[in-house]
Each structure stands twice: as C-alpha cells, then as structure tokens.
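**Student:** 3D, please:
(2 chains)
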Amino acid sequence: MRLAAAASIALLSFSAAAKDTVRIAFVGPLTGGNSAIGLGGRNSADLAVRLRNGDAKAKYQYDLVVLDDECKPDAGVQVATKAGSDRGVVGGVTHYCSVVAMATVDTYHRFGLPVIVWGAVLPDITYANDFKEIHRVNGTMINQNQTNAKFMAEHGFKKVAVIHDTTDYGKGHNKYFTQFFQKEGGQILSTFGVTADQQDFTAELTQIKAQNPEALYFGGLTPIGVRIRAQMDKLGLKTQFDGTSGIVNDDFIKALGPLAEGALAFREGAPAEKLPGGKQFLADYQKQGYSNPPEAYGPFAYAAAVLLMDAIEKTGPDRKKIIAELKNVKDRDSIVGKITFDDHGQNTVPAITRYVVQDGKWVTWEDSEYAAGKRKLPTGK
Amino acid sequence: MSVDVVAQYVMNGAMLGMMYALVAVGFTLFFGVLDIIQFSHGDVVTVGAFAGLAAWTLLTASGVTSAGVLLLAVTGAAAAVTALLGVGVARFIVLPVKSAPQLNVLLVTLMGGTVLRECLRLFYPGGSQPKLFPALLPTSGWTFGRFFLRFDNVILLVSGALLIAGTHLLITRTRLGLAIRAVAQDEETARTMGIDFRRVVLVTFALGSALAAFAGVMDGLYYNEVFFGMGLLLGVIGFAAAILGGLGNMYGAIVGGFLFAALQTVGAVALPFASAYKDVFAFAVVIVLMAIRPTGLIGERASERV
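**Tutor:** You can find the predicted model right below:
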C-alpha cells in the first residue's frame, strides 16, 4: 500500500517534471451556512483536475488553488484579488453565492482574470456589465422562469395571479416570469409585491380569489411560500401553486404537510444522476473517496473546470488568449448538457429541472404520477 | 366590489383584529398596574404558540388522537407556560428595575424579548424554520358565493371575544379586579389599604401573558404555521394598538386592535400601489391619529385605567 503510494507520488512528480504546471483557482463558500454546497463544488473541480492530470495526452500539469469566499462579499473580494494579482493563476472556477459573485466581477475584470461561475443564479452577474472575463455555466432565474412560463402555458394555465416578495430576488422572478408568460400568450390577472416577512396574506388572496385565476405564481423563498399556500386553503382558493427554485427544499413540505401536494417549482441544474454524463461523474467522484457529496451544483463546478482546462490546453496558460478561446464555446458537450456562451459569457442552454410535490417529496416532473396522467393538477375551476 | 368579497375581507380583518386586541390588552394591563411597557410581550406570544406546539407533539407521540383533548392540552400548556413566564418577567426583570428610569425597563424587556426569541430559534428542535401547527378545529365551512366562512375561524373569533369579555368581568366585578384597579389608580394608597402590591403585579402579568398565549395559539391554529420571529411584528402592532386606543384603557386596546387590522386590510385592498405598503399605510395613519389624539382614541380622562 505504502509502496503503491510512494510509486504514485514518484509518478506524479515525474509527470510534473515533464510538463509545465498551470495553476487555476477554485472559489466557493467552504465555511459557514453554505459550506456543504461549496465543499461539493470544490471536490468536483478537484476531481476534474485529477482526471486531467491522469490523462497522458494533457499538455500541462494542473494545480487547483482553493480559496474560501465564505459566501460573504467582503471575503469574496479579498480572495478574488488574491487570485487576480497572482500572475501564476490563469483562470478560475468561481462562486456559488450571488451576492459574492456580483461583488467580485469588477475585481476579475480589473485583473483580466478569466472566470467561470459555477453556481450563482442572479442574472446581473453576467448581464449587468460587459465584462469579457466573466462566464457562467449554470442557468439564471431568467432561464428558470422561461421554462416555468412555457410549462404553465403548455399545461393549460392561461390566467395567473402573481405574488412576489419585494427583494431583488422576488422582483427578478416576477419580471422574468411575467415577460415570458405573456410571450407564451398567458395573462397576468394581478401582481402583488409583499414584504419578505409578511404573515397575513388573506387580503391579497381574497382579491386573487375574486379574479378566479387558474394558477398562482409565487416568486420568493420558503417561509412566506408556506404561509401563502396554507392561507389559500383557509380561503378555499383551490388553484395551482406555482413556485420557483426558492421553495425547492424539504422545509417547504415539512411545514405544509399534505397541503404541499401538487405544488410546482423549477430549479437550475439537475440531480447529478439525471445529467447526460452524471453516472460517470458520480462513479468517478465515488472513487476519489471525498467525505462530502457533490451536492446540486458539483457537476457545474466540474463542467466549468473542464471547460477552463480545455481552453488552456488549446491556447496555453495566457489569460488573454484563454478569454478569447472561451468566447468560442458553442454546443460544447459537458456533463451538464451542451454549453454555449452568449455575448455576455452566459450559458444559454442550461439544464432546468421541473419539480412537483408528490407524496411529501419533490419529484422531477418526468418521473411523477402527474406527468404519467395518474394524478391531476388542480386547475382553479 | 360585491357583498361576498366584502364579507370575506371583514372576516379576514376580524381575525387579525382579535389577535391584535388580545396582545394589546396585555400591554394595557401591564401599563395600568406598573406604568411600564413590557416590550417582550410579543415574544411571550411566540412562546405561547410554541408551548402549545410542544404539548401537541408530546401528546401525539404518546398516542393521543382526540382533537378535543389535544386542543385543551395545547391551550392549557400555552396558558400555563406563558403565565409562569409572565410572572418570571415581572419578578426577575421588571420589578427589580421598577424604581430605575423608565428607559431601563424598556431596555431590559426589549432585551428579554430577544433572549426569548433566540432561545426558541436555537433550542426548539428545528426552531429556525417555520413549523407546522396542527389544525385541531373542524376545517369545514359554508360557502356564500366567493365568501368561504370557516367553522374554525368562527370558533376562534367567538372564544377570543369570550376571553376578552371574561377578562373585563374579572377586572370590573371581582375582588382581584378591584385590587388591580386600585393599584393602577394609586399604588401608595392601595398599599396602605392593605393590598399586596407585589401579588397584584404578578397576577396581572400572569393574566396578560395568558391572554397573549391565546393570541399565539389562535395565530397557530389560524395560519397553521408558527415561527420564532412571529411575535416581533405582532408585539409592535399590539403596542401600537394599545397606544392608539389609549394606553391603560381596555376598551381602547380592543378598539385599537380592530382599527389597526381594518387599516391593514384597507391598505392591501383599496390602495392602488403594491400591497407591500399596507403596513406603511397602517402605521402612517396611526402616526397621524396620534398627532390628532395624543392620549389615544379613548383618552384616560374618559374612563378609568384598566
């Protein structure tokens, strides 16, 4: 055993001697409340690097520089500056938290460091500026709501009332859902902005009930989502509940009990086993014996690292050339599906998963009894 | 707007108003006997709801299924725990600083409330997330057009009204009530008449806090959800309602509670802009009313304290 380890170390140092070493950064929340997802992302990026280093055809030996942004903007800017000012680091796989990703785009732009965001969903990260350094493999709430609007229209929900919280998050959801739903020919009967800690929604819901919508779209997070769904029942409002990624968690179901049944929601990404290369990814991940699972966004971190190393293989370890090369990413196969970057470096064909609550669990729509026709969604009539 | 929709609004508003009134009566009682504002009162409401939830969890785990027994246990546990808590707050937080400046009482009760809230969040299992509160009352109801009148709402409303009426009778018709009113009117004279001041204060805090427990349980049964921070806004609104009606006056607290609920409903329904502003609207109107009637709608001169 020890001999084998020594041999592999010798082998590694041999290949390291033969090839130039290139350093790339991974940045994510490794401590704090979101650390589970951050560690999953780090392990996945690490897996991509290890597999590449094991590949005899690779031109370079890669070294992953792991940095912790703590899901805090100030810490994020610090580590972004650290990575950017280190000329040895030629690219990065960066950030899960939207606030941090948003805070650091200027830093990467200033240092000309090409980065690929692996988890943050706020559209502005790629779209608010014209920074050619910033890319993103995962989808945004724009894509999520496009899928949502299309799904609702296809399933015969034409008249929808909207409740959203008045944070940037809720307002963004409302904006994009309304835009896409109207494009699909749907009608928004009314829109209510509510505070993120509101308790009583009976006044809003009474108004909504009087309009007789076929569905209620909710753009916000679990706590008020739970209240709205519960109070719909109190007022006898039997209409489809349509949520966003903000409610896809066990707490939503736990707090509602049987009332959660049939609720819809949409989320960027997909369970790893559902992704095109997911089975292989999970098997490789297992082999490395990491102590944490890859979590929902691990495959995206993996895909981002692969994409970055592919670009380096092609152009060499030069930041400017890598940026130019990433611009050409089109219909590239990856474990999260095809990747195409638009002018803003945003992947335009990201995976969005549709979920429905069935028997106290979030089930992907395709696997649900609702899709199979065994159960029916309420239509509000 | 048709009659059925208006009826629904009135019912929604009445439920809110009853909860606010129950909280406001507590504020008014405490102010009456001690001239203090008990700022952790809102969190006592939360503790009541969680005590009820805990009783329900324990009983269902040990196999009790009868809704009636559970309801009694939930209400009983909530009232008992908060009454004790109220006594504790009075005995260990309020009375020791009674002779200190008013600001100190305000500060210690405010901090006491934060301690209660954070303790629930940290120590109640899964306390940082909203918790499902069981529906123990019949959920059936009557439909009149678009008005859905639920049986449980009627029960809650009626029992809330009975509770307030009972409190009123207790204060106006019993010896204990006489003692409370005496202390409220003049502490020194009451003492010289042989009234045990300390006991009266403790009993008043137990009473006011038990009313808050009912507001908490009512909140839980109505929304089927409780969470650790629910008492924060409820406390502020209850306080505003008590002030609006005229602090120290029980009728004032009730009027203030229902008025605030009406303002919120009007704010959400009738105003052209986003309903997110309904609290802004309601509190703004309260500010205006306070400017017009600084001593509250039913001022102290119009009737005796408590």
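**Student:** Is the longest helix along chain B in proximity to chain A?
**Tutor:** If you go by DSSP state H, chain B has its longest helix at helix B:3-34. Yes - under the criterion of C-beta under 8 Å from any C-beta of the partner chain, chain A is reached by helix B:3-34 at B:5, B:8-9, B:12-13, B:15-16. Bear in mind the C-beta positions are built from the backbone N, C-alpha and C, glycine included.
**Student:** Closest one to chain A out of those residues, please.
**Tutor:** When those are ranked by distance to chain A (C-beta to the nearest C-beta), B:Asn12 comes first, at 3.8 Å.
**Student:** Just give the number of residues close to the closest one.
**Tutor:** Applying the criterion other C-beta atoms under 10 Å in any protein chain shown, we find 25 residues in the vicinity of B:Asn12.
**Student:** Name the residues of the stretch 201-306 of chain B found near chain A, please.
**Tutor:** When proximity is defined by C-beta under 8 Å from any C-beta, the stretch 201-306 of chain B lies next to chain A at B:222-225, B:227, B:229-230, B:233-234, B:264-265, B:268-269, B:274-276, B:278-279.
**Student:** Could you tell me which of the residues you listed count as buried?
**Tutor:** Buried members of those, scored by 16 or more other C-beta atoms under 10 Å in any protein chain shown, are B:222-225, B:227, B:229-230, B:233-234, B:264-265, B:268-269, B:274-276, B:278-279.
**Student:** on that earlier part again, the longest helix of chain B: what's the following helix or strand?
**Tutor:** Sequence order places helix B:41-61 as the next helix or strand after helix B:3-34, per DSSP states H and E.
**Student:** Would you indicate which residues of that next one are buried?
**Tutor:** For helix B:41-61, using 16+ other C-beta under 10 Å, the buried residues are B:41-56, B:59.
**Student:** So which bits of the helix or strand following it are buried?
**Tutor:** Proceeding N to C from helix B:41-61, the next assigned helix or strand is helix B:67-88, under DSSP H and E. Residues of helix B:67-88 classed as buried: B:70-71, B:73-75, B:77-83, B:85-88 (neighbour count, 16+ other C-beta under 10 Å).
**Student:** quick one on the thing from earlier: which among the residues of helix B:3-34 next to chain A gets closest to B:Val97?
**Tutor:** Nearest to B:Val97 among the residues of helix B:3-34 next to chain A, counting by C-beta to C-beta, is B:Leu16 at 33.3 Å.
**Student:** what's the burial count for the nearest residue to the closest one once chain neighbours are set aside?
**Tutor:** Leaving aside its sequence neighbours, B:Leu16 sits nearest to B:Ala261 (C-beta to C-beta, 6 or more residues apart in numbering or on different chains; 3.8 Å). When neighbours are counted by other C-beta under 10 Å, B:Ala261 registers 24.
**Student:** B:Ala261 touches B:Val23, doesn't it?
**Tutor:** No - the criterion here is C-beta atoms under 8 Å, and B:Ala261 misses it with B:Val23 at 11.5 Å.
**Student:** For my notes, confirm A:Leu64 occurs in a strand.
**Tutor:** Yes - counting by DSSP: H, G, I helix; E, B strand; the rest coil, A:Leu64 is located in a strand.
**Student:** now the one helix or strand B:Ile155 maps to: mean pLDDT?
**Tutor:** Assigned by DSSP H and E, B:Ile155 belongs to helix B:151-173. What helix B:151-173 shows for mean pLDDT is 93.
**Student:** Quick check: what element follows it along the chain?
**Tutor:** Tracing the chain C-terminally past helix B:151-173 and defining elements by DSSP H and E, one meets helix B:175-185 next.
**Student:** Can you tell me the closest non-neighbouring residue to B:Met230?
**Tutor:** Going by C-beta to C-beta, 6+ apart, B:Met230 has B:Thr46 as its nearest residue, at 5.5 Å.
**Student:** what does the model give A:Ala5 for pLDDT?
**Tutor:** 54.
**Student:** cool, and B:Tyr277?
**Tutor:** 83.
**Student:** quick check, nearest of the residues of helix B:3-34 next to chain A to B:Val115?
**Tutor:** B:Leu16 (27.5 Å).
**Student:** Next, count neighbours for the closest one.
**Tutor:** That count, for B:Leu16 with other C-beta under 10 Å as the rule, works out to 24.
**Student:** and what of A:Asp20?
**Tutor:** Neighbourhood size, A:Asp20 [other C-beta under 10 Å]: 10.
**Student:** Could I get the phi/psi values of it?
**Tutor:** phi -70, psi 140 (degrees, to the nearest 10).
**Student:** So what pairs up with it in the strands?
**Tutor:** Assessed by DSSP bridges, A:Asp20 has beta-bridge partners A:Tyr60.
**Student:** could you measure it against A:Glu369, distance?
**Tutor:** Distance check for A:Asp20 against A:Glu369: by C-beta to C-beta, to the nearest Å, it reads 55 Å.
**Student:** before we move on, back to that, give me phi/psi at the residue nearest to B:Leu16?
**Tutor:** Dihedral angles (degrees, to the nearest 10) for B:Ala261: phi -60, psi -40.
**Student:** Return the residues in contact with it.
**Tutor:** Neighbour list for B:Ala261: B:13-17, B:20 [criterion: C-beta atoms under 8 Å, 6 or more residues apart in numbering or on different chains].
**Student:** Next: A:Gly219.
**Tutor:** A:162-165, A:169-174, A:177, A:244, A:246.
**Student:** Output the below-cut-off pLDDT ranges for chain A.
**Tutor:** A:1-17, A:379-381 (pLDDT under 70).
**Student:** in what helix or strand does A:Ala83 lie?
**Tutor:** Per DSSP H and E: helix A:73-85 holds A:Ala83.
**Student:** now A:Arg229
**Tutor:** helix A:222-234.
**Student:** what helices or strands is that helix leaning on?
**Tutor:** helix A:202-211, strand A:215-219, strand A:240-242, helix A:250-256, helix B:197-223, strand B:225-226 (3 or more C-beta pairs under 8 Å, 6 or more residues apart in numbering or on different chains; DSSP states H and E).
**Student:** of the ones you listed, which approaches A:Gly139 most closely?
**Tutor:** Minimum separation from A:Gly139 across the helices and strands packed on helix A:222-234 (C-beta to C-beta) falls at strand A:215-219, 16.0 Å.
**Student:** Would you give the sheet partners of that closest one, along with the direction of each?
**Tutor:** Using DSSP bridges, the strands paired with strand A:215-219 are strand A:159-165 (parallel), strand A:240-242 (parallel).
**Student:** So what touches the shortest one?
**Tutor:** Strand A:240-242 is contacted by residues A:148, A:152, A:157, A:160, A:214-218, A:228-229, A:232, A:262-265, A:377-380 when judged by C-beta under 8 Å, 6+ apart.
**Student:** Let me see the contact set for B:Ser140.
**Tutor:** The contact partners of B:Ser140, taken as C-beta under 8 Å, 6+ apart, are B:150-151.
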